[in-house]
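*Asks:* Requesting a structural model of the entry that follows:
(one chain, ligands or ions: 1)
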Amino acid sequence: MPSSDTFKSRIESRLFELDAAGRRKRLPQYSLRQLSSNDYLGLSRHPEVIEAIVKTTAAEGSGSTGSRLLSGNHPLNASLEEAIADFKGGSAALVFSTGYQANISMMLTLSNIYPFVYSDSHIHASLIDGIRLSGSNCQIFPHNDTEALRSMLEKKPLGEPFVIVTESLFSMDGDRSPIAALLNLCDEHDGILLIDDAHGTGTLGLEGRGGLEHASLAFNPQRVVLTGTFSKALGGLGGYTVCHPLIRELTISLGRSFIYTTALPPGILAGNIAALSLLDQDPDLVSKLRTRVRKVRDAIGLPPSPSPIIPIRGPIEKLELIASSLREKGLFAPVIHPPTVADGEECIRISVTNHWDDAITEQLSESVKNAQLFQ
Ligand SMILES: Cc1ncc(COP(=O)(O)O)c(C=O)c1O
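*Replies:* Okay, the predicted model is just below:
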């Protein structure tokens, strides 16, 4: 057994290395107003969502008491699956405890039938981890570069089934993937497209249905697997896939992050159902966000885009200046360092939400202007 000094010094030297590499993470203060919240539509505080959570929790208890395959398969799981499948125009869905776990399980499952993976270079860590765990044969194509992807596919062994992995709205850059072009490649080479709609849901498309609606495409379950989360525009917790019913069936047997974890509590399921129904029935939620996004982008001198995710890039010293000037105003938007972003792509990730008021926009634009980032 190591002495307690050796034990401490091993850990401290690793922390020191992380610090030196700029990779040590620290938990932020909670009290500051968040400028990087994913609660895009403000649904986490909607009275109908809160009422659904409180009432269901009082009636059904605080926890789910087990995994979906044992005691935790509360009937609200099926109701939420039906609601999210309908909302996305699909016929089957599976609910997971988090979006992270949804991505892990879908990559584990898909690798059984599509052993070749082509992944965009900017996909989320949960997809990367899923691909790694699946042991698939994976090639990374340059971000959104469909021509580079086409030449990779042309070199692939003929007839080998493959999956292309992307996000509808990229979580760090706030840019969109060329879904129609990626689907064309799937049609030409007989593959399937996994789209992580985590940030596209509630933000893309006139009704906020996500990447497919934005691209005016219908859901084709033989070509598309969607994944996503209830924790961003829907303000709750939990992940999902919308996919072909047979893929759903396979995931129940092969998705280890689905099988070996506790199911969502009934109150959380009820809150997700309430949030989804509000989004389904009230397109004003999405248009309100869009108006706010337009104002913020205007105020800091950026071109128009529907994306509420606004990365502010520039020399690291200027980014630190902006972050500390925001902190002085009680606003929290830290500089994001590698490995969350690639080396040299440090940024402040601002995400606009329906909670914002004009005062926040003014304070943000003042901090950005004072750092003379865009001059
Ligand atoms: C693109 C993307 N996919 C998946 C996830 C994971 O979702 P969750 O927070 O529900 O685990 C996130 C959230 O961090 C994300 O940004």
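*Asks:* ok, whichever residue of the stretch 201-350 of the chain sits closest to the ligand - contacts?
*Replies:* Of all residues in the stretch 201-350 of the chain, the one sitting closest to the ligand is Thr229 (3.4 Å; C-beta to the nearest ligand atom). Yep, even glycine has a C-beta here, placed from its N, CA and C like the rest. Contacts for Thr229 (C-beta atoms under 8 Å, 6 or more residues apart in numbering) come out as 98-99, 102, 198, 201, 238-240.
*Asks:* now do Val368
*Replies:* Val368 neighbours (C-beta under 8 Å, 6+ apart): 300-301, 312, 322, 374.
*Asks:* Spatially, which residue comes closest to the residue of the stretch 201-350 of the chain closest to the ligand, not counting chain neighbours?
*Replies:* Gly99 (2.9 Å; C-beta to C-beta, 6 or more residues apart in numbering).
*Asks:* Surely the one you found and Gly130 touch.
*Replies:* No - if you go by C-beta atoms under 8 Å, Gly99 and Gly130 don't touch, sitting 11.3 Å apart.
*Asks:* out of these two, which sits in the more crowded spot?
*Replies:* Gly130 (31 against 24; other C-beta atoms under 10 Å).
*Asks:* Please report how far the more buried one lies from the ligand.
*Replies:* 10 Å (C-beta to the nearest ligand atom, to the nearest Å).
*Asks:* contacting residues for the nearest residue to Lys232 once chain neighbours are set aside?
*Replies:* Excluding the flanking residues, the one nearest Lys232 by C-beta to C-beta, 6+ apart is Asn38, at 3.9 Å. Residues in contact with Asn38 (C-beta under 8 Å, 6+ apart) are 199, 231-233, 351.
*Asks:* Quick one: the strands in the stretch 51-200 of the chain, in order.
*Replies:* Assigned by DSSP state E, counting those that start in this stretch, the strands in the stretch 51-200 of the chain fall at 92-96, 116-120, 137-141, 162-167, 192-196.
*Asks:* how about those strands in CSV, adding mean pLDDT?
*Replies:* Output for these, formatted as CSV (pLDDT from 0 to 100):
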stretch, mean pLDDT
strand 92-96, 98
strand 116-120, 97
strand 137-141, 97
strand 162-167, 98
strand 192-196, 98
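*Asks:* Can you say which of the ones you listed is nearest to Lys329?
*Replies:* Among the strands of the stretch 51-200 of the chain, strand 162-167 comes nearest to Lys329, with 31.3 Å by C-beta to C-beta.
*Asks:* What strands flank the closest one, and is each parallel or antiparallel?
*Replies:* Taking DSSP bridges as the criterion, strand 162-167 forms sheet pairs with strand 116-120 (parallel), strand 192-196 (parallel).
*Asks:* Which residues belonging to stretch 61-69 are considered buried?
*Replies:* Within stretch 61-69, the residues scored as buried using 16 or more other C-beta atoms under 10 Å are 64, 67-68.
*Asks:* ok, now stretch 169-180?
*Replies:* Neighbour count says stretch 169-180 has 169-174, 176-177, 179 buried, by 16+ other C-beta under 10 Å.
*Asks:* For the stretch 1-150 of the chain, give me the ranges with low pLDDT.
*Replies:* Low-confidence segments of the stretch 1-150 of the chain, defined by pLDDT under 70: 1, 31-32.
*Asks:* So which bits of it are right by the ligand?
*Replies:* Proximity of the stretch 1-150 of the chain to the ligand (C-beta under 6 Å from any ligand atom) is limited to residues 98-100, 103, 124, 126.
*Asks:* What about these, which one has the most neighbours?
*Replies:* Top of these by neighbour count (other C-beta under 10 Å): Asn103, with 30 neighbours.
*Asks:* Report the separation between that residue and Lys156.
*Replies:* 23 Å (C-beta to C-beta, to the nearest Å).
*Asks:* just Leu185 next, same as before
*Replies:* If you go by C-beta to C-beta, the gap between Leu185 and Lys156 works out to 11 Å.
*Asks:* Among the two, which residue is more densely surrounded?
*Replies:* Leu185 (19 against 16).
*Asks:* these two touch, right, that one and Thr146?
*Replies:* Yes - between Leu185 and Thr146 there is a contact at 6.6 Å, judged by C-beta under 8 Å.
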